[in-house]
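A.B. asks: I'd like to go over a predicted model; first the sequence, then the structure.
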Amino acid sequence: MTETTAAPVILTTGLDLGDRTTHLCTLDPDRRVVERKRLATNRQALQREFGGTPRRRIVIEAGSQSLWVSHQLTELGHEVMIVDPRRVKLIAASDRKTDRRDAETLARLALGVPELLGRAQHRTMATQADLAILRSRDVLVRTRTKLVAHVRSTLKAFGVKVPKCSASCFHERAAAHVLPELAPALVPILATLADLERRIREFDRAVTKLPEDRYPEAKIVRQVDGVGPLVSIAYVLTVGDPSRFRRSRDVGPWVGLCPKTRHSGDGTPQLSISKRGDAFLRRLLVTAAQRILGPFGKDSDLRRYGLRLCARGGGNGKKRAVVAVARKLAVLLHRLWVSSSAYEPLRNSSQQEVA
């Protein structure tokens, strides 16, 4: 029985994806341009262009349309290389930028120095669809927050203050404080808030069912206090394959919770966090860290670490502690996931006491 191996890659093609048009540039092994073309950004055009052609390396930047494009090109038998657009921008910065030149730049960088581009990894289409449920819920929650703030500020201008309450019951509490002259402006907003609350609860039920149906590993990361169904399933869906990280510590920089570095000579300035990676997951991890450090957080190594940072004082002491705990939380969740071990809240503290 003979083993089948993939055909060698002879040509390298760079694709600059646009909403309507995609520019294409193909290089041979000697870095000579053998083809330039422009095609429509749709499945039919990609099928006509790359279907039935010899296997080649195709380079695209990660973006809004790179997910479905990469999956289709992979199904057609090609090697797809998804690169970090930030690195490409730094390497190939130019005052004469065009889509045509961008496609050639991608092909030349992939052929010459691919290690500088930084490989990205797309999720599966099913995972992306499940993650869309969480993002849709997030949009509704943020919309609810804006509407609540609008109602409060409008009533405050007329000398009316709505008592403090949760956002879920605000539309019921505020209805009794709406003045007759403000009814045409605020009653429709309160009705919208009631409908939003119903939709958000439907999404909450859908999110709760996801770990039980297809993502049992979400239960492992939920062992940590402060990590609920939303944070756990968002972490599992966003990370995707935990083996993509060589070390658990690599998750912190990947999600953008590590400070930027700019060391030059004897100067090492303190910079803000990089905020790279998925902003949605980063925001959820920060929310979980605030819960851990809050008055209702349970005693754990994470909480003790954050409280020590808060005790140092400073104007931004609490903010830095929250970010540091969120970074450690991202690392801890990955370690629990890959090891499938039980979570010990005071493991480090117990070891130090024994020592």
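C.D. replies: Alright, I've got the coordinates.
A.B. asks: quick one: the helices in the stretch 201-350 of the chain?
C.D. replies: For the stretch 201-350 of the chain, helices defined by DSSP state H, counting those that start in this stretch occupy the ranges 218-221, 229-239, 251-254, 279-293, 301-311, 317-339, 347-354.
A.B. asks: Enumerate every residue touching the residue nearest the centre of the chain.
C.D. replies: Nearest to the mean C-alpha position of the chain, counting by CA atoms, centre = their mean, stands D278 at 2.0 Å. By CB atoms under 8 Å, 6 or more residues apart in numbering, D278 lies in contact with T238, V255, G256. Quick note: C-beta positions are derived from backbone N, CA and C, even for glycine.
A.B. asks: what do you get for L24?
C.D. replies: Contacts of L24 were listed using CB under 8 Å, 6+ apart, and they are T13, G14, L15, E35, R36, K37, R38, L39, E49, A103.
A.B. asks: hang on, isn't the fourth one packed against G14?
C.D. replies: Right, the one you point to is E35. No - with contact defined as CB atoms under 8 Å, E35 does not count as touching G14 (10.8 Å).
A.B. asks: More neighbours: which of those two?
C.D. replies: Comparing E35 with G14 by neighbour count (other CB atoms under 10 Å), the higher total belongs to G14, at 26 against 11.
A.B. asks: Please identify the next secondary structure element, helix or strand, after the helix or strand hosting that one.
C.D. replies: Assessed by DSSP states H and E, G14 sits inside strand 12-16. The element immediately downstream of strand 12-16 (helix or strand, assigned by DSSP H and E) is strand 21-27.
A.B. asks: just the angle between that next one and strand 12-16, please?
C.D. replies: 160 degrees (axes from the mean of the first three to the mean of the last three CA atoms, to 10 degrees).
A.B. asks: Run me through the strand neighbours of the strand holding G14, direction for each.
C.D. replies: strand 21-27 (antiparallel), strand 57-61 (parallel) (DSSP bridges).
A.B. asks: Next, G63: secondary structure please.
C.D. replies: For G63, the assignment made with DSSP: H, G, I helix; E, B strand; the rest coil gives coil.
A.B. asks: Could you tell me which residues make contact with the closest residue to it other than its chain neighbours?
C.D. replies: Of all residues beyond its chain neighbours, the one nearest G63 is L17 (6.2 Å), with distances taken as CB to CB, 6 or more residues apart in numbering. Contacts for L17 (CB under 8 Å, 6+ apart) come out as T41, I60, E61, G63, Q65, S66, V69.
A.B. asks: Quick check: L17 vs R137, distance?
C.D. replies: In this view, L17 and R137 are 28 Å apart by CB to CB, to the nearest Å.
A.B. asks: what's the pLDDT at G159?
C.D. replies: Per-residue pLDDT puts G159 at 91.
A.B. asks: What about it, how many residues nearby?
C.D. replies: Per other CB under 10 Å, the neighbour tally for G159 reads 7.
A.B. asks: Just want the phi and psi numbers for it.
C.D. replies: phi 80, psi 20 (degrees, to the nearest 10).
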